[in-house]
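K.L.:
How does the following fold in three dimensions:
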Amino acid sequence: MSIKVSNLSKNYGAQKAVNNISFSIGKGEIVGFLGPNGAGKSTTMKIITGYLTGDSGDVEVCNEKVDTGSLSTKKKIGYLPEANPLYFDMYVREYLEFVAGIHHIEHPKNKIEETIKTVGLTVEANKKIGQLSKGYKQRVGLAAALIHDPEVLILDEPTSGLDPNQIVEIREVIKTLGINKTVLFSSHILQEVQAICDRVIIINKGNIVADDTLSNLQKGKSGEHIVLVQFKENVAVETLQKLKEVTAVEQAEASNYKIHTIHPESVRKQLLELSLKNNLNIVSLQSEGNSLEEVFRSLTSTIINN
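P.N.:
Residues are numbered from 1 along each chain as shown. I've put the predicted structure just below:
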């Protein structure tokens, strides 16, 4: 596992910031780390990166304990903290050259230019950091986290301060990086988590209240999903009922169907195959379930009210 957290706890005086939590993340996973303000997200991330130490429990990064192999593990981690620390009087390339020097990167100029292009800093690369907008300052922080090509990325609110177009661009960067790296990132923008992640960990008051795939979290109380499909042509309900893992089919109106299933991905795939085989035209195809916002509010408010 690239990240393994075992029975981790951290207290600030009488306040329990992190309460005996455990989870693991493998290579190639992009995991969203969610929770209300003060839930313990940033504390957990800082402990994983070695910036803080836990009171009890263990954290391993790439099979090395963070507390005993601190320098070795830090070389494998790229970290973008929520409060992005930058030297405002330095130029963008000058700052990245400074960071590259800390990591003893060979051929730093090539790596700096590659990283600037990756995070979309090219148009602002000749400015001082202090002259940049908040969004571009965030990109500089992301570039600093990436420049040494780490195996693990810890990103605390990476899209903070970005405009909608920039958010989409950084989202694509994160998704591309997640193919070969392990990415743990927090965000208050739940749509971003849905767009990037397959798995979500939700923490509240120092306790993990959910750790599952988005698909499982968004299931209704019965465990079922509803797949909504609209064809250009009329399709017999019996044809759709014959699909594997379908429990029921409702015809809402002409050519519109509600398909009940506990395996929506499989049903969507079968519908596409059905349309190709029978020369049918699918107008729309989507899943209906609890939104991530509804899941988040349910899990975090339940703990608060108990």
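K.L.:
Now do the contacts for the most centrally placed residue in the chain.
P.N.:
For the chain, residue 32 is the residue whose C-alpha lies nearest the centre (C-alpha atoms, centre = their mean; 3.4 Å). By C-beta atoms under 8 Å, 6 or more residues apart in numbering, the contact list for residue 32 reads 185-187, 193, 196-197, 199-201. Where C-beta positions appear, they are placed from N, C-alpha and C, glycine not excepted.
K.L.:
Make TSV out of those and add distance to residue 130.
P.N.:
Shown next, in TSV, are the contacts of residue 32 (distance: C-beta to C-beta, whole Å):
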residue	distance to residue 130
185	26
186	26
187	26
193	31
196	30
197	33
199	38
200	36
201	35
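K.L.:
Among those residues, which lie within strands?
P.N.:
Residues of those located in strands (DSSP state E): 185-186, 199-201.
K.L.:
returning to what we had before: with respect to residue 133, which of the contacts of residue 32 is nearest?
P.N.:
Nearest to residue 133 among the contacts of residue 32 is residue 187, at 19.4 Å by C-beta to C-beta.
K.L.:
just to revisit the earlier point, tabulate the contacts of residue 32 (JSON lines), appending distance to residue 95 and neighbour count.
P.N.:
Listed next are these as JSON lines, based on distance: C-beta to C-beta, whole Å; neighbours: other C-beta atoms under 10 Å:
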{"residue": "185", "distance to residue 95": "22", "neighbour count": "24"}
{"residue": "186", "distance to residue 95": "24", "neighbour count": "24"}
{"residue": "187", "distance to residue 95": "25", "neighbour count": "21"}
{"residue": "193", "distance to residue 95": "29", "neighbour count": "22"}
{"residue": "196", "distance to residue 95": "27", "neighbour count": "21"}
{"residue": "197", "distance to residue 95": "30", "neighbour count": "25"}
{"residue": "199", "distance to residue 95": "33", "neighbour count": "18"}
{"residue": "200", "distance to residue 95": "33", "neighbour count": "23"}
{"residue": "201", "distance to residue 95": "32", "neighbour count": "23"}
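K.L.:
what stretches of the stretch 1-150 of the chain score poorly on pLDDT?
P.N.:
Confidence mapping of the stretch 1-150 of the chain against pLDDT under 70 gives the ranges 69.
K.L.:
Which stretches in it count as helices?
P.N.:
Taking DSSP state H, counting those that start in this stretch to define them, one finds helices in the stretch 1-150 of the chain at 41-49, 70-74, 92-102, 108-118, 134-146.
K.L.:
I'd like the ones you listed as JSON lines, with distance to residue 169 and mean neighbour count appended.
P.N.:
Output for the helices of the stretch 1-150 of the chain, formatted as JSON lines (distance: least, C-beta to C-beta, whole Å; neighbours: other C-beta atoms under 10 Å):
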{"stretch": "helix 41-49", "distance to residue 169": "23", "mean neighbour count": "23"}
{"stretch": "helix 70-74", "distance to residue 169": "28", "mean neighbour count": "15"}
{"stretch": "helix 92-102", "distance to residue 169": "17", "mean neighbour count": "18"}
{"stretch": "helix 108-118", "distance to residue 169": "10", "mean neighbour count": "16"}
{"stretch": "helix 134-146", "distance to residue 169": "9", "mean neighbour count": "22"}
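K.L.:
With residue 82 as the reference, name the closest of these.
P.N.:
Ranking the helices of the stretch 1-150 of the chain by their distance to residue 82 (criterion: C-beta to C-beta) puts helix 41-49 first, at 5.7 Å.
K.L.:
Which residues does the closest one contact?
P.N.:
3, 5, 8, 10, 17-18, 21, 33-35, 52-54, 59, 61, 66, 74, 77, 79, 81-82, 154, 156, 184, 186, 203.
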